[in-house]
Every structure is written in C-alpha cells, then in structure tokens.
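Peer 1: Sequence and predicted structure are below.
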Amino acid sequence: MTTPTVTARETLDIQPLFAPQSIAIVGASSNTSGYSSRTLTNLLKTGYSGEIYPVNPRHSQLHGLRSYARVTDIGKPVDAAIVLVRSELVPEAVADCVAAGVKIITVCSAGFGEDGPEGVARQQALVELARSGGSRLIGPNCIGAASIKDHVIPTPTLNITTSYLPGSISIVSQSGGMAVNLVNRAQGRGIGIRGFVSVGNEGDIDMADLVSALADDDATEVICLFVEELRDVPAFQTAVAKAHRAGKPVLALKVGRSAAGQRSSLSHTGALAGSYAVFQNVMQQLGVLEVDSVDALIDTAALMADAKSTESNKVLIVSPSGGECSYAADRATELGLDVLPLPEATAKVLDRRMRFGTASNPFDLTGQVIGDANFLQEVLGELDAIPDYDMILYAIPTWGEHDAERLLPGFITAAEASKKPTVVSAWSAKNLTEHGDDKLAASQAATFGSVDAALTALANLAHWQKILPTDLAAVAQRSPAHEVTRPDELVQQPSEHEAKTFLQHHGLPVAREVFVTDSAEIHEAAERLGWPLVAKQLCRGVLHKSDLGLVKVGIRDAAELEQAVTDFQTAVDEHGLEAEGILLAEYRQGAEVIIGGVQDPKFGPLVMLGAGGVLAELLDDVVFRQAPITTEEAAQALEQLAVDRLLRGYRGATYDREALIKLIADFSELFAASPWLLQADLNPVMVSEAPASGAVIVDAAFVLEPNTKE
C-alpha cells in the first residue's frame with residue numbers, strides 16, 4: 001500500500017478561462033438550434049466583448065462573422081478554444097489549437113475517459129498532446145466554463161438563464177447539468193454568481209487546480225463544489241489549505257452518498273469505512289463545509305459571501321408572529337443552534353417597552369409593531385446590540401403589499417446595519433408577496449424564502465467556523481515523522497498476541513498478558529497474572545473470536561480456567577479450527593472504545609474512533625480522520641462521538657479521556673508510518689474509570705499486505 005503523495009502542479013491561470021480576450025469555436029454551425037451553434041449564440045446574445053473566431057471549413061461566414069477552416073488559419077493570438085466536433089476529429093482540432101498557441105482548450109465532445117479503457121487511452125493521448133505545447137485542457141465531456149461577471153458565456157447549452165446577476169460565488173462542478181442548475185437556481189433567487197466551471201472527465205484541469213486558481217482570484221469570495229469523486233486527494237488538500245489562507249470558504253455538495261461504497265469484511269474498521277463516511281469525515285477535517293442539498297449550497301454560499309463570521313452558534317429569533325417564533329425555535333434547535341434566553345437585565349428593560357407579550361428568545365414582537373415603524377426600529381436596534389448572540393434571524397410571515405410596505409423596510413434596514421450575521425426570512429406566496437419579494441431582492445441583506453432555509457444557512461455558517469482548521473500545514477499534507485519497517489515475523493493475518501506485541505514494542509499501552517502453548521503452563525501463568533482474568537483461544541485466521549465461543553471473561557479461579565480450556569477445545573473441534581495457543585490476560589474494566597486504521601486508496605491512512613466492543617458495527621457512532629493526527633485533533637474527533645458523553649461523566653462515573661486521546665494520536669502516527677499495515681482494529685480499548693487511570697488495548701487485529709516469505 002502506497003500513501004498518496006502530492007505531485008508538483010503548474011499553477012492554473014484562470015484569466016483565459018473566465019475572461020478570455022478571444023475565443024475560437026471549433027465546429028461552429030449555421031444551424032441556430034443545433035448543439036454546435038449554441039456557444040456562438042450564447043456569446044453573441046450575452047454581450048461578449050472579445051474576438052470570436054468560428055472554425056468550420058464548410059463555411060466562410062457564420063452569424064455574420066468570418067469563419068476559418070482551421071484554428072491555425074486565424075493568425076492572431078487566441079486565449080481560449082471551445083471544441084465541439086465529433087470525438088474522432090478532436091485530436092486534430094486540439095493539435096491545431098496547440099500549434100496556434102491557445103492557452104485553454106475546452107473539449108466538450110464525449111467519447112473519451114467515460115467510454116471504457118480505449119476511451120481512457122484516447123483521453124490521455126489528448127491531454128499529453130495539449131500539455132506538450134503548453135496548453136491546458138478542460139474536459140473532455142463537459143460544457144466548459146462561464147463568467148457571469150465578465151459576460152463570457154461560451155457554454156454549448158440553451159438551458160442557462162439569460163438574466164445575469166454578477167456576484168462573488170464561484171462554482172466548480174463535475175456535472176455540466178448541475179453546474180447550470182446551480183447557476184440558474186441562484187440567479188433566479190437574486191444570488192450573484194462570479195462564474196462556473198464544468199470539469200467533465202478532468203483529463204487535465206481538475207477540481208484541485210480550480211480551487212487553487214480561485215483562491216488567487218480577486219473576484220471570488222466563496223468556492224462551491226458539486227462533487228461526484230475526488231480524483232487527486234492530496235492536491236485537493238493543498239488547494240483547500242490555500243483557499244483557507246486566502247480567507248475563502250470551500251463548500252461541497254457530494255452525490256453518491258448511499259451505502260454502495262466499497263466495504264470490507266476483514267475487520268470492524270474496514271466494514272465501517274464506507275466511501276461516503278470517509279469523504280464526509282475528511283472534508284470536515286479539512287475545513288470543507290459539506291451541505292446536503294442544492295438550496296443549502298446556494299443559500300450558505302450567499303450568506304458567507306456577505307463576509308461576516310460568527311463566534312458561536314447562539315441565535316436570536318425575532319418575529320411579529322408568535323407561532324413563527326415557536327416554529328423557528330424548534331427548527332433552530334434541531335439544526336444544532338442555541339436559542340438561549342435573553343439576559344435577565346435586558347429582558348426587564350425590553351419588558352417595560354412592550355405593551356403586549358413578554359421579552360424572551362424567541363422574541364415575539366406581536367401586532368404592536370404594525371403601524372409603528374419607530375417602535376420597530378428602536379426595538380430591533382436594542383436587540384441587535386445584545387452581545388450574548390452572534391446571529392439574528394428576522395422571521396417574517398406571509399405578507400401582502402400593505403404590511404410589506406410598512407414593516408419590511410424596518411427589518412431590512414436593521415439587517416443591513418448589523419455587524420453580525422443577520423438574516424431575513426419571508427415566506428413567499430404567488431400573487432401575494434411579489435411586492436415584498438422585490439424589496440428583499442433589492443436589499444443588501446441576506447434574505448431567504450423560508451425559515452428553514454435561513455436557519456440551515458446560519459447553522460452551516462456556525463459549523464464551518466467550528467471546523468475551520470488552525471493548522472493549515474496539516475491540511476495541506478499529512479505525513480508521519482518516519483516510516484516503520486515491517487517485522488519479518490508478522491504474517492498477513494497475525495494473531496492477536498503478535499499484533500499486540502508489535503503495538504507494545506512501539507510504546508502503545510497493552511493489557512498485561514501471557515501466551516501459553518503448553519497446557520501444563522496455563523495455571524502457573526494464571527497465578528502470575530492474578531485473578532480474575534480473561535482467556536482467549538487463538539486460532540489461525542480467526543479475527544472475531546467471541547463469535548465462535550473462544551473468549552472467556554472474568555475467570556475467577558483454577559476450576560473456571562480448566563472449564564474454559566475444555567470449552568475452547570470443543571469449539572475448535574466443532575468449527576474445524578487450527579489452534580495456536582491460549583492467551584491469558586488481566587481482566588480490565590472501563591468504557592469500551594474502538595480505535596482502528598485503514599489504508600484508503602484515495603485518502604491514504606485513516607484512523608477511526610468509535611464505540612467499542614461487540615457493538616462496534618451495530619452502533620452508528622464512528623468518526624474517521626486522515627492520519628496522523630495531533631492530540632488536539634484527536635480530542636476534537638472524540639467530541640463528535642456519543643460515547644464521549646459516557647467518557648466525560650455518566651451517573652457519577654468519569655473516565656481517563658486524556659489517556660485515550662494520547663493513545664489515539666500515538667496510534668495514528670504509528671499506523672500512518674506503516675503503509676504495509678492495511679487494516680488494524682484495537683477493539684476494545686478499555687478506558688479506566690476514575691480514580692484509576694489509563695487506557696489500554698485489550699484486543700487487536702491486523703491485516704497486512706501479503707508477505708513474499710509466506
């Protein structure tokens with residue numbers, strides 16, 4: 001197993017992609033409704049100010065523009081080329097573009113990497129051809145890029161909106177259709193877009209290249225990703241760290257999140273390492289905010305583009321409707337936001353001002369604000385000044401023109417003036433709220449069409465601030481201090497005793513134990529360990545011993561030990577196993593946790609934490625992190641587990657979390673340094689209850705690369 005490494009990459013110049021001074025359209029057509037004419041049509045109707053060069057040997061003119069037989073006939077510098085011809089004609093077209101010095105070539109044509117091994121070979125040859133002449137390639141099998149800001153819309157689709165609102169949100173999508181959908185959805189809701197790139201097969205320029213380039217782009221403030229698969233994780237990590245340094249949030253919407261990911265039954269960790277679970281956890285570790293819907297991606301990006309941050313998840317909810325106050329409070333709590341009561345002193349002051357109701361959070365303004373704009377403005381100002389809340393939601397019910405005209409301006413003004421993230425949600429209804437909708441769209445406030453959308457965006461903002469890494473060097477690339485050599489005696493599937501001996505040799509705490517192969521030595525070994533103890537029958541190839549009756553816990557004396565040995569022999573005979581010996585170990589009690597490791601082909605070495613023991617796979621309480629991790633990162637990961645509530649204290653019992661955190665970090669370093677160790681389970685790790693201390697490995701299972709000596 002080889003850990004993915006970062007390869008040196010040429011920095012992508014985004015100017016020829018988003019703001020080319022000239023564009024060649026290879027395969028431009030005279031058929032105004034055909035696919036190959038749409039790029040030219042879109043450029044002409046959206047006000048592109050640069051030079052357009054149609055390329056088609058069958059025409060001398062197209063749409064009033066001179067047409068060229070080949071790109072090399074243009075005889076002038078060309079920044080970008082859009083290739084729309086059949087796949088068999090693409091290599092010649094790309095060769096011409098390279099010869100003409102085209103900076104970025106977008107190949108929209110299909111029939112390459114998505115078309116089996118032969119298509120992959122054709123695609124690789126195409127990329128090599130482009131790079132040999134210093135050109136960069138978008139695609140194949142894509143709809144290319146567009147810049148709303150620069151009025152450059154060279155995409156071969158008629159489905160993109162013709163009403164353009166520039167903004168600071170950039171979109172990178174592995175789906176052409178979803179790229180356009182995201183733009184259309186945002187534009188239709190008054191959310192500005194800087195531009196988008198549909199990367200298609202990512203033969204050359206991929207998502208990592210574009211995240212890196214957008215980190216340098218002054219016009220981009222927020223980067224949104226529509227992800228099917230990350231093709232180069234190390235390069236992506238480096239790019240994300242660069243975006244963080246530039247102060248630009250990276251948001252991702254991942255598709256393909258079902259349980260169809262690769263699974264392995266060799267260990268608990270392998271079985272739990274579904275592809276989406278790993279993606280989800282690693283994105284959080286990198287500080288990439290993952291959202292779960294198209295609208296959440298757009299809404300959250302729009303809020304983040306407002307450039308306001310939040311120190312916490314404490315939200316103040318304000319509405320002129322008591323019912324909406326309650327609804328919003330319920331939804332906020334479900335989304336993990338804190339709806340804390342008003343400070344007592346503040347509540348008393350506001351109570352004296354209110355003619356009806358009681359000052360609280362959520363804050364019901366009641367009907368007394370209707371027709372009293374001054375009162376509304378004063379109260380909203382006082383609420384905004386309360387330092388106990390880092391976010392504010394003004395939740396507006398469905399208002400027609402009358403109330404919208406009298407009341408909306410007050411909420412809009414307060415939201416625009418606030419220095420903390422403050423949003424306005426207003427339920428819309430066709431033929432009723434258009435007047436208010438227009439006012440909100442024209443404002444500088446962050447506005448949403450529902451309470452749910454507004455609170456989701458606020459919750460996402462708060463979560464992003466929480467996961468934003470402080471160690472950007474660790475985000476860019478993780479690597480152990482040194483590599484550990486594989487011991488010659490470790491076979492592909494070592495026994496528990498062999499695995500624990502290796503761990504102990506590298507300084508990890510293991511429960512005291514004795515491995516016995518001679519039955520005459522069993523009782524002497526037991527006396528040395530002391531009662532009670534645990535006995536395990538080790539058999540070659542058996543990882544989950546308790547499932548086969550090969551583990552006895554809490555043995556109190558010699559008679560019980562003798563009975564355990566007899567039962568083990570019965571189980572060995574019944575299942576046709578190859579017995580290797582009996583492992584006697586001290587009996588440890590405490591909270592059970594699993595620590596695991598798996599070498600992922602994309603994400604590299606991963607460490608897993610979760611509730612341990614026989615319930616490791618039954619309880620959905622696990623978290624993955626790229627290894628190695630620091631003790632601080634181990635603590636943060638542990639905080640996400642339900643079992644951490646037990647460790648912190650339950651019914652008077654508390655456990656040695658610090659010892660566990662150190663063990664997690666130490667194991668992650670060892671596992672990352674051992675690329676030949678494919679999977680590892682430390683299950684359970686027993687965390688002692690106070691006043692005792694410590695966390696020790698009670699059981700361990702390894703799966704290694706095949707040993708050539710076996």
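Peer 2: Nice, I can see it. Everything quoted here is computed from the prediction, not taken from an experiment.
Peer 1: got the contact list for residue 394?
Peer 2: Contact analysis of residue 394 by C-beta atoms under 8 Å, 6 or more residues apart in numbering lists 318-319, 380, 411, 414-415, 422-425. For glycine as for every other residue, the C-beta is placed from the backbone atoms N, C-alpha and C.
Peer 1: ok, what's across the strand from it?
Peer 2: residue 318, residue 424 (DSSP bridges).
Peer 1: so how far is residue 444 from it?
Peer 2: For residue 394, the distance to residue 444 equals 14 Å [C-beta to C-beta, to the nearest Å].
Peer 1: you'd agree residue 418 is up against residue 384?
Peer 2: Yes. Using C-beta atoms under 8 Å, residue 418 is in contact with residue 384, at 5.2 Å.
Peer 1: residues shared between the contacts of the two?
Peer 2: By C-beta under 8 Å, 6+ apart, the residues touching both residue 418 and residue 384 are residue 392.
Peer 1: Assumed residue 625 was part of a helix.
Peer 2: No. Counting by DSSP: H, G, I helix; E, B strand; the rest coil, residue 625 falls outside a helix, being strand.
Peer 1: Now for it, how many residues are close by?
Peer 2: Using other C-beta atoms under 10 Å, residue 625 has 24 other residues around it.
Peer 1: For residue 16, give me phi and psi.
Peer 2: phi -70, psi -20 (degrees, to the nearest 10).
Peer 1: Residue 356 is in contact with residue 368, correct?
Peer 2: Yes. Using C-beta under 8 Å, residue 368 is in contact with residue 356, at 5.5 Å.
Peer 1: out of those two, which sits in the more crowded spot?
Peer 2: More crowded of residue 368 and residue 356, by other C-beta under 10 Å: residue 368, with 16 against 9.
Peer 1: List the contacts of that one.
Peer 2: Each residue near residue 368 by C-beta under 8 Å, 6+ apart is listed here: 354-356, 375.
Peer 1: ok, of those residues, which one's closest to residue 126?
Peer 2: Closest to residue 126 out of the contacts of residue 368 is residue 375 (67.6 Å), distances taken as C-beta to C-beta.
Peer 1: show me what contacts the nearest residue to that closest one once chain neighbours are set aside?
Peer 2: On the basis of C-beta to C-beta, 6 or more residues apart in numbering, the spatially nearest residue to residue 375 that is not a chain neighbour turns out to be residue 369, at 6.2 Å. If you count contacts by C-beta under 8 Å, 6+ apart, residue 369 has them with 320, 375-376, 379, 407, 410.
Peer 1: Ok, residue 201 next?
Peer 2: Neighbouring residues of residue 201 by C-beta under 8 Å, 6+ apart: 112-114, 123, 139-142.
Peer 1: Quick one: buried ones out of these?
Peer 2: Among the contacts of residue 201, those scoring as buried are 112-113, 123, 139-142 (criterion: 16 or more other C-beta atoms under 10 Å).
Peer 1: Show me what counts as buried in stretch 528-540.
Peer 2: 529, 533-539.
Peer 1: Looking at residue 619 now. What's its pLDDT?
Peer 2: Residue 619 is assigned a pLDDT of 60 by the prediction.
Peer 1: Next secondary structure after whichever strand or helix holds residue 119?
Peer 2: Using DSSP states H and E, residue 119 sits within helix 116-132. Using DSSP H and E, the helix or strand that follows helix 116-132 towards the C-terminus is strand 136-138.
Peer 1: could you measure residue 407 against residue 397, distance?
Peer 2: Residue 407 is 10 Å from residue 397, where distance means C-beta to C-beta.
Peer 1: Between the two, point out the one with more neighbours.
Peer 2: Using other C-beta under 10 Å as the criterion, residue 407 and residue 397 rank with residue 407 on top: 21 against 14.
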